[in-house]
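Asker: Starting from these lines, generate the structure:
(one chain, ligands or ions: 2)
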Amino acid sequence: MIFPDKFLEKIKEAKSIIFFTGAGISAESGISTFRGKDGIWNKLKPEELANFDAFLRNPDMVWEWYQYRRKIVNEALPNAGHIAIKEFEKYFDTKVVTQNVDNLHGRAGSKTIYELHGNIERNYCINCNSFFNLDEIELTGEVPKCDKCGGLIRPDVVWFGEMLPQETFMNAEISAQRCDICFVVGTSAVVYPAAYIPHTAKSAGAYLVEINIEKTDFSSFADLSLTGTAGEILPKVLEEVKKIFI
Ligand code: BV8
Ligand code: ZN
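Answerer: Ligands and ions are numbered 1, 2, ... in the order given. Now for the predicted structure:
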């Protein structure tokens, strides 16, 4: 893959890099995206499942949907894209700002990860906010109840209409304002306020590189659009970095 000189110049000068990632980076790990061809939202409507009212109306069904997704996440492994991002830490101040809840960046070993939409492996009681790991919960197929107060236990993900974790989002914004290059990887960039992050980076002067298998609403903002899968392109970018920094 030949990269434009301008991009190679930016890599040479860069100190700080952020990777803004979405469901597309986990597609090659076998986790389906939300809005792509095999997207899960195509079959199910987010308003029916990923929101608090749906959970109160039908807690067992929403809990079951997350159990189904957790099973897929547990069987998944970080792919070459996640691993390449981890390797960038050897050459730059590298931060991951992810919309994904699958913890694959964490399992790939990335050190600084801002999970804007939470993490499917964590759960908490909607009544007393006690946190529970899955192995602390008695899984009966129905929505589990808190052993401290009997409240319903929900996944620690941000549903539609819910605020993002304040401190995490603030740290993500600060890293976007300070970065020299912002890679936008595997996201349709339609979910807000998360999708403001690459725009924040751009207005602060960062060089924006989109990595996606197709054009998105975001492509017109990118300084460079690399078309292909994250698992194929990110290792190639890393190869160029290694040539520059040997
Ligand atoms: C909020 C967690 C208000 C749960 C998710 C403006 C400002 C603020 C809010 C809004 C706004 N406009 C609209 C809103 C409301 C809403 C919103 O953005 N709606 C959209 C749909 C229009 N936002 C909210 O509700 C947010 N909360 O605003 O609260 C508030 C404010 C103050 C006080 C109180 C309340 C909360 C949004 C969070 C929702 N939670 N998920 C769960 O996962 O179950 S959203 C869901 O979408 C996932 O988190 C996902 O990460 C995210 C974004 O999707 P993508 O990651 O981009 O995935 P997608 O499938 O769309 O795209 C995949 C891409 O990858 C494609 O482009 C594809 O081509 C590409 N691809 C595929 N394979 C590959 C690939 N690329 C590379 N390689 C491959 N192999
Ligand atoms: Zn409780």
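Asker: Can you tell me which helix or strand of this structure has the lowest average pLDDT?
Answerer: Lowest by mean pLDDT, DSSP states H and E among the helices and strands of the chain is helix 40-43, with a mean of 62.
Asker: Which positions in this structure make contact with ligand 1?
Answerer: With Cβ under 6 Å from any ligand atom as the criterion, the chain comes near ligand 1 at residues 22-24, 27-28, 33-36, 39, 50, 99-101, 117, 157-163, 186-188, 190-193, 211-214, 216, 229-230. (Each C-beta comes from the backbone N, C-alpha and C, glycine too.)
Asker: What lies in contact with stretch 49-58?
Answerer: Applying Cβ atoms under 8 Å, 6 or more residues apart in numbering, the contact partners of stretch 49-58 are 47-48, 61-63, 65, 152, 154, 157, 159-162.
Asker: Of those, just say which sits nearest to residue 109.
Answerer: residue 157 (22.3 Å; Cβ to Cβ).
Asker: Quick check: the closest one vs residue 227, distance?
Answerer: 30 Å (Cβ to Cβ, to the nearest Å).
Asker: So between the two, which is more surrounded?
Answerer: residue 157 (17 against 12; other Cβ atoms under 10 Å).
Asker: Next, work out how far apart the nearest residue to that one once chain neighbours are set aside and residue 156 are.
Answerer: The shortest distance from residue 157 to any non-neighbouring residue, by Cβ to Cβ, 6 or more residues apart in numbering, is to residue 118 (3.9 Å). Going from residue 118 to residue 156 by Cβ to Cβ gives 5 Å.
Asker: same thing with residue 243?
Answerer: From residue 243 to residue 156 the distance is 41 Å (Cβ to Cβ).
Asker: Which one's more surrounded, the two?
Answerer: A count of neighbours by other Cβ under 10 Å puts residue 156 above the other of residue 243 and residue 156, at 18 against 10.
Asker: Relative to residue 49, how far out is the more buried one?
Answerer: When residue 156 is compared with residue 49 (using Cβ to Cβ), they lie 16 Å apart.
Asker: Likewise for residue 21?
Answerer: 22 Å.
Asker: before we move on, what about residue 142?
Answerer: 16 Å.
Asker: Could you check how sure the model is about the strand ranked longest in the chain, as an average pLDDT?
Answerer: In the chain, taking DSSP state E as the definition, the longest strand is strand 118-125. Taken as a whole, strand 118-125 has a mean pLDDT of 96.
Asker: gap between that strand and the chain center?
Answerer: Centroid separation for strand 118-125 versus its chain: 15 Å, with Cα atoms, centre = their mean, to the nearest Å.
Asker: Run a quick neighbour tally on residue 97.
Answerer: Residue 97, neighbours per other Cβ under 10 Å, totals 28.
Asker: mind checking the SS state of it?
Answerer: strand (DSSP: H, G, I helix; E, B strand; the rest coil).
Asker: so what's residue 210 up against?
Answerer: 183-185, 216, 218-219, 222, 224-226.
Asker: Grab the nearest non-local neighbour of residue 14.
Answerer: That would be residue 180: by Cβ to Cβ, 6+ apart, it lies 4.0 Å from residue 14.
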